[in-house]
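K.L.:
Next one to model:
(chains A and B)
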Amino acid sequence: MNELPVLDDWLVHRGRFVNLVFMLQSGEKEWLIKLHDGAIESIQTGPFVMPRWTFRLAASSQAWEKHHAATPTPGYHDLMAMCKFRHLRIEGDQHGFMCNLLYFKDLIKALSGVMQ
Amino acid sequence: MSHIEKISGGYVHFDIQGQSHRVYFETAGTGPVLLCLHTAGSDSRQYRGILNCSAITERFQVVCFDLPHHGKSSPPAGWQQREYRLTSQLYVDTIIGFMQAMDIERPLAMGCSIGGRVVLHLALQHAEKFRGLIGLQSGAHVNPYYNLEWLHRPDVHGGEVCAGIVSGLIGPHAASDDRWETLWHYMQGGPGVFQGDLHFYKSEGDLRAIAHQIDTRKCPLHLLTGEFDYSCTPDDSRDLAQMIAGAHLKIMPGLGHFPMSEAPAEFIAHLLPVLQQFH
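P.N.:
Predicted coordinates for the structure are as follows:
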């Protein structure tokens, strides 16, 4: 179990209707992140044998590194930009992700430390 | 400190493709008309920086209008019984109809995104009616990169998802106030309007086959594109500029898809040298 990152109260409020598990994938590394009322309830580190998740965000470690860089690179600076240029793949049931798109964009930024 | 901006607005009534419309416009300044066209799913508030820029309004009469369904312009009667779909001809007819209703002759027209695309249609169909054309974030075509159905379905909040879709199109260095003002406009769009505009932008309005027919000797064409735009990328605008003999292209470092709204001062610094050529 990973140490949980501290989320901004306003971010948690914005995600208050989010209750799901999603997978973050960076190259070969995987994390299962469980969200409850917008807060992170748990983060499990892979590899997993039979993981269950609602959606998965998968990119190379280099792509995530550019996404989280203090000086952003065009095409990597935003999740939808990464999709456009095929740096990021969003799989599974995307409904919760799209309903809370601004929340998830900021949540992924807050998870940069987890993806080291 | 309180103050009132030197902008006036009003409503103009005219027919578009045989149907009566009530269209909202704003204007400031004196001189040749600079007609400004907003992006998909937004409205003419995006041009607040241009309308308030004395370096521009001392030389041009800036005129902006909200497309029907957008901002303070009403949708036409019967809108509730059909999906809104912007097409090339509807967009061109709306602009020409507005110009006729407002007695605007040979303006310099500047459009962003869908507005940047439609200026290309204007160049092809009505070059003689314009002093010049400026395309912001202008490309001949944009490949879809997400399912547009997410933008208009009752189980997803349209305002939230539209703002979420476009938020990354804003350059990362934009000031927070301007970033969120730009997103607020998207959050206020009517149901299905952004999606309906994108029908023109991402499918029906494809100009790759005929953009080369634009004659810049009849009407000069300037293209300004933000570096961080991943909808109409700098490469999309470079491809367009290569298709059109005499087109001028400038890539704007650090800026995104909404230059006039996300970073007005930085954008105006790029725009003024272009405007200088038309005054």
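
K.L.:
At the contact with chain A, which residues of the stretch 101-250 of chain B appear?
P.N.:
B:145-146, B:150, B:155-157, B:160-161, B:163-165, B:167-169, B:172, B:227-228, B:230-231 (C-beta under 8 Å from any C-beta of the partner chain). Where you see a C-beta, it was placed from the backbone N, CA and C, and this is true even at glycine.

K.L.:
I'd like to know which of these are buried.
P.N.:
Among those, those scoring as buried are B:150, B:156, B:160-161, B:163-165, B:167-169, B:228, B:230-231 (criterion: 16 or more other C-beta atoms under 10 Å in any protein chain shown).

K.L.:
Break down the stretch 1-150 of chain B into its helices, ranges please.
P.N.:
Here the stretch 1-150 of chain B has its helices, by DSSP state H, counting those that start in this stretch, at B:48-51, B:54-57, B:88-101, B:114-126.

K.L.:
One more: chain A?
P.N.:
Listed in chain order, the helices of chain A (DSSP state H) span A:9-14, A:61-68, A:79-84, A:95-99, A:101-110.

K.L.:
Any buried residues in the longest one, and which?
P.N.:
Buried residues in helix A:101-110, counted by 16+ other C-beta under 10 Å: A:101-108.

K.L.:
for stretch B:116-132, same thing?
P.N.:
For stretch B:116-132, burial by neighbour count (16+ other C-beta under 10 Å) applies to B:116-124, B:126-127, B:129-132.

K.L.:
ok now it, how far from the chain's centre?
P.N.:
Stretch B:116-132 has its C-alpha centroid displaced from the chain centroid by 13 Å (C-alpha atoms, centre = their mean, to the nearest Å).

K.L.:
Report the contact partners of A:Glu28.
P.N.:
A:Pro47 (C-beta atoms under 8 Å, 6 or more residues apart in numbering or on different chains).

K.L.:
Could you list the contact residues of chain A toward chain B?
P.N.:
Close to chain B, as judged by C-beta under 8 Å from any C-beta, chain A has residues A:72, A:74-75, A:77-81, A:83-85, A:94-95, A:98-102, A:105.

K.L.:
In TSV: the helices of the stretch 1-150 of chain B, plus mean pLDDT.
P.N.:
Shown next, in TSV, are the helices of the stretch 1-150 of chain B (pLDDT from 0 to 100):
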stretch	mean pLDDT
helix B:48-51	98
helix B:54-57	98
helix B:88-101	98
helix B:114-126	97
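
K.L.:
Quick check: which of those helices is nearest to B:Ala241?
P.N.:
helix B:114-126 (11.4 Å; C-beta to C-beta).

K.L.:
now the angle between helix B:88-101 and that closest one, please.
P.N.:
Relative orientation of helix B:114-126 and helix B:88-101, computed by axes from the mean of the first three to the mean of the last three C-alpha atoms, to 10 degrees: 80 degrees.

K.L.:
Can you pull the phi/psi pair for the residue in the stretch 1-150 of chain B positioned nearest to chain A?
P.N.:
Distances between the stretch 1-150 of chain B and chain A by C-beta to the nearest C-beta are smallest at B:Tyr145, namely 4.1 Å. Main-chain dihedrals, B:Tyr145, degrees, to the nearest 10: phi -130, psi 10.

K.L.:
residue contacts, it?
P.N.:
Per C-beta under 8 Å, 6+ apart, neighbours of B:Tyr145: A:80, A:83-84, B:230.

K.L.:
Same question for B:Gln277.
P.N.:
Contacts for B:Gln277 (C-beta under 8 Å, 6+ apart) come out as B:132, B:220, B:222.

K.L.:
quick one: it and chain A, what's the gap?
P.N.:
Distance, B:Gln277 to chain A, by C-beta to the nearest C-beta, to the nearest Å: 28 Å.

K.L.:
From A:Met23, how far off is A:Phe85?
P.N.:
21 Å (C-beta to C-beta, to the nearest Å).

K.L.:
For those two, work out which one has more neighbours and name it.
P.N.:
A:Met23 (21 against 14; other C-beta atoms under 10 Å in any protein chain shown).

K.L.:
If I look at the more buried one, what pLDDT would I see?
P.N.:
At A:Met23, the model reports a pLDDT of 98.

K.L.:
And B:Ala263, by the same measure?
P.N.:
If you check B:Ala263, the pLDDT there is 98.
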